[in-house]
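Student: This is a predicted model, with the sequence first.
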Amino acid sequence: MYSNNSNLIEIQEIESQKNFNPGTTPIKFGEGSSNSFVMEEIETRDISSMEMTPLKPETIPPREHERLAMYYEVEDVPSALATLFLSLQVYLMMAATAVSGPLLLTKSMCMEDNNTDKALVVSTFMLVSGLVTILQSSFGTRLPIVQGGSAAFLVSTLAILSNEKCPTVEEGLTKDSWKERMLVVQGAIIVASIFQVVFGFCGFVGLILRFITPLTVAPSIMMIGLSLFGFAGGFAMSNPYISMPTIVIIIILSQYFREVKIPIPFTKSPKRDGRLTYKVFQSLPILLGMVFMWIISGILQACNVFHLKDPAKTNFDVLRDSEWFYVPFPFQWGTPVVELGAVFGILTGVIAGIIESIGDYFACARLVGAKAPALHAINRGIFIEGIGCIMAGIWGTGSGTTSYSENTGSIGVTQVGSRRVIQIGGVLMVILSIFGKINAFFVSIPEPIVGAFLVVAFSMITSVGIQNLKGVDLSSARNLFVIGFSVFFSLTLSQWVKSQENLKIVENRAWNQMLTILLSTGMFLGGFVGFILDNTIPGTRKERGLDEWEENFGSGKPTPGNLEDSYDLPFITFYLQKWEFTKWIPISPTYDQDKWVKLFSPITAVFTTVCRNMRRTIFRK
């Protein structure tokens, strides 16, 4: 694995040799590392008396102990063959896990188990996910994050669908009855997602980033994994005799066999005799584990080991009856219907999705060896996700799109964080989405095998949330209370709300639905409670971990002339730097938030003065 700075280092070393003087010597730090850099020549006799100028945070290379050792980092481009196989793993993992969302939704939409339209919904979901993944990884945050269905949208959509029970055949249930409920969901997603587009484009994220601290992000990310334990466990425990071996195999391949190198056929090593080798178990543990257990499950099914309705059985009926080719198109289910209550319900999912995505950006950046996301990249990421949600509503996936938390967890398992791999994976999603039999094939994946993957992925997400606390003083009673209470309270309240049928918080139906969905979303509660407590309970900056947090985050401003920044837009950043007006655009790589701060500073000063005078007047009386 080679760093993007390797060529620059070589040039600097050559120049140092050309200009070498007897009285000077070049000083190198971190020699042999991919993040090596060379300081200017310094006279050896003056080193003890010289005054060292501290480096700016953006010039300090990432420290190896702060992140996982990645096999491929964000800027790395694997070989064509490796990219194809790794992208295929991204597609297969996305297909395997994406099935769970549509299966739950179609059941709540009153679709029968043997209805071939399930494969069409999955095909639509994969098409939109592929398109938005390409947009996000290329022009959004440019992090290797797959875009897919979110638990926040899943909870919101299920809450909307739970308002009415499915009719029976005697009451008029037909094969197309599910489309009426889908159209309501589509209309709600389209309208609610406009808020996310405006939120990202106008840079409102920057207004709350100053209050988003490690003690805000960590509980939110931890709750992504913890709040879905029932979801993952339900799938896995549907047949533990299949799911448990799958989990064990994935753990063995990803942890114990990760250093095992397998020779690649038809290749020759240029450095030694023999073939090139590849750490296949480190990069493809999930794919290999799921395929192996799927084969075992098929053999057991052929031997009639499973009972008639065992979830471990592969459903061949949908595979046999589905179409060979199907191209999803906009408004394929009909004209969307807009209902106010449904819009407010999905809006809570949008808000929770924004908070979840911001946490995913930081988690993914930490995993793949990139700097913490720049402000313009976060704005652009939320903006692209809003566009993606509108596309999901237009095509009719039944769910909005956001950063796929399962993908973030799988990066930690496979140690593959290359942007190119995710981009090609998105292309595969788009191309293969038109093959109806392929999507029906993934619909037939046994539930226990899908659940095994979710257990491993969600556990990794939880640990990534804990990793965000590395700069926080964990010996502080204040911090321990904020962390513990945020996680435990949000888990308790969200699970209680989910267990209540027809919970009535307020009289208004739309507001009651919105509050119910909000309070049942553990990741939102975790981030919200941590946000309130950490910003109101007194504590020093060092105690809260803000110094190291802001050092990693920086100012959020782009580095002038740095065209190799992971978050800069390809091809056009160089030209944007020449235009002064682009510094006012929140989604531009040249965005300078200080310009808006200075513009509104007089208004802010007047408002602050008025509030101060009013407070003095009240206290005098």
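Tutor: Received it, and whenever you're ready, just let me know what you need. It should be emphasised that the depicted structure is a prediction, and the values quoted were computed from it without experimental measurement.

Student: Where does pLDDT dip in the stretch 351-500 of the chain?
Tutor: Within the stretch 351-500 of the chain, the ranges that satisfy pLDDT under 70 run 405-410, 412-414.

Student: mind running it again at 90?
Tutor: By pLDDT under 90, the weakly predicted segments of the stretch 351-500 of the chain are 351-378, 396-422, 425, 432-433, 435-471, 473, 491, 494-500.

Student: Could I get the full set of helices for it?
Tutor: 375-395, 405-414, 419-432, 436-443, 447-467, 477-499 (DSSP state H, counting those that start in this stretch).

Student: wait, which of these is closest to residue 126?
Tutor: The minimum distance between residue 126 and the helices of the stretch 351-500 of the chain falls on helix 419-432, with 5.0 Å, by Cβ to Cβ. In this view, the C-beta of every residue, glycine as well, is placed from N, C-alpha and C.

Student: can I have the closest one written out in CSV, keeping just the CAs?
Tutor: Output of helix 419-432 as CSV, limited to C-alpha atoms (Å, rounded to 0.1, in the frame of the first residue of the first chain):
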residue,chain,number,x,y,z
ARG,A,419,-13.0,5.0,-2.4
ARG,A,420,-12.6,3.3,-5.8
VAL,A,421,-13.9,0.0,-4.5
ILE,A,422,-17.1,1.7,-3.3
GLN,A,423,-17.6,3.5,-6.6
ILE,A,424,-17.3,0.4,-8.7
GLY,A,425,-19.5,-1.3,-6.2
GLY,A,426,-22.2,1.3,-6.9
VAL,A,427,-21.8,0.7,-10.6
LEU,A,428,-22.4,-3.0,-10.0
MET,A,429,-25.5,-2.2,-8.0
VAL,A,430,-26.9,-0.2,-10.9
ILE,A,431,-26.1,-2.7,-13.6
LEU,A,432,-27.2,-5.8,-11.8
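
Student: What segments of the stretch 51-200 of the chain are strands?
Tutor: 147-149 (DSSP state E, counting those that start in this stretch).

Student: okay, and for it, where does confidence drop off?
Tutor: The stretch 51-200 of the chain contains residues with pLDDT under 90 at 51-126, 137-182, 184-185, 199.

Student: would you turn the helices of the stretch 351-500 of the chain into CSV with mean neighbour count and distance to residue 340?
Tutor: Output for the helices of the stretch 351-500 of the chain, formatted as CSV (neighbours: other Cβ atoms under 10 Å; distance: least, Cβ to Cβ, whole Å):
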stretch, mean neighbour count, distance to residue 340
helix 375-395, 26, 16
helix 405-414, 26, 29
helix 419-432, 22, 34
helix 436-443, 22, 34
helix 447-467, 23, 34
helix 477-499, 17, 22
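
Student: thought residue 473 was touching residue 543?
Tutor: Yes: counting by Cβ atoms under 8 Å, residue 473 touches residue 543, with 4.7 Å between them.

Student: overlap in contacts of those two?
Tutor: Any residue near both residue 473 and residue 543 by Cβ atoms under 8 Å, 6 or more residues apart in numbering counts here, and that gives residue 479.

Student: Take the helices of the stretch 351-500 of the chain and write them to a markdown table, including distance to residue 102.
Tutor: As requested, those are arranged in a markdown table below (distance: least, Cβ to Cβ, whole Å):
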| stretch | distance to residue 102 |
| --- | --- |
| helix 375-395 | 12 |
| helix 405-414 | 15 |
| helix 419-432 | 14 |
| helix 436-443 | 8 |
| helix 447-467 | 12 |
| helix 477-499 | 21 |
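
Student: right, so of those helices, which gets closest to residue 285?
Tutor: Ranking the helices of the stretch 351-500 of the chain by proximity to residue 285 (Cβ to Cβ) places helix 405-414 first, at 6.3 Å.

Student: Which parts of the stretch 101-250 of the chain are helices?
Tutor: Under DSSP H, counting those that start in this stretch, the stretch 101-250 of the chain gives helices at 117-139, 151-161, 178-201, 205-209, 214-226, 229-236, 240-251.

Student: now, of these, which is deepest in the fold?
Tutor: helix 214-226 (a mean of 28; mean count of other Cβ atoms under 10 Å).

Student: Could you list the low-pLDDT ranges of the stretch 201-350 of the chain?
Tutor: 202-240, 250, 253-255, 257-291, 294, 297-298, 301-327, 329, 333-335, 337-350.

Student: So which residues of it form strands?
Tutor: Using DSSP E, counting those that start in this stretch, strands in the stretch 201-350 of the chain cover 262-263, 277-278.

Student: Adding mean neighbour count and distance to residue 589, write these out as CSV.
Tutor: Shown next, in CSV, are the strands of the stretch 201-350 of the chain (neighbours: other Cβ under 10 Å; distance: least, Cβ to Cβ, whole Å):
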stretch, mean neighbour count, distance to residue 589
strand 262-263, 12, 41
strand 277-278, 16, 35
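
Student: Tell me which of those strands sits nearest to residue 138.
Tutor: The nearest among the strands of the stretch 201-350 of the chain, by Cβ to Cβ, is strand 277-278 at 26.8 Å.

Student: correct me, but residue 192 touches residue 351?
Tutor: No: judged on Cβ under 8 Å, residue 192 makes no contact with residue 351 at a distance of 9.3 Å.

Student: ok, now how distant is residue 338 from residue 393?
Tutor: 10 Å (Cβ to Cβ, to the nearest Å).

Student: Contacts only, for the residue lying closest to residue 525 once chain neighbours are set aside.
Tutor: Leaving out its chain neighbours, the residue that sits closest to residue 525 by Cβ to Cβ, 6 or more residues apart in numbering is residue 490, at 3.5 Å. Contacts of residue 490 were listed using Cβ under 8 Å, 6+ apart, and they are 219, 223, 227, 522-523, 525-526, 528-529.
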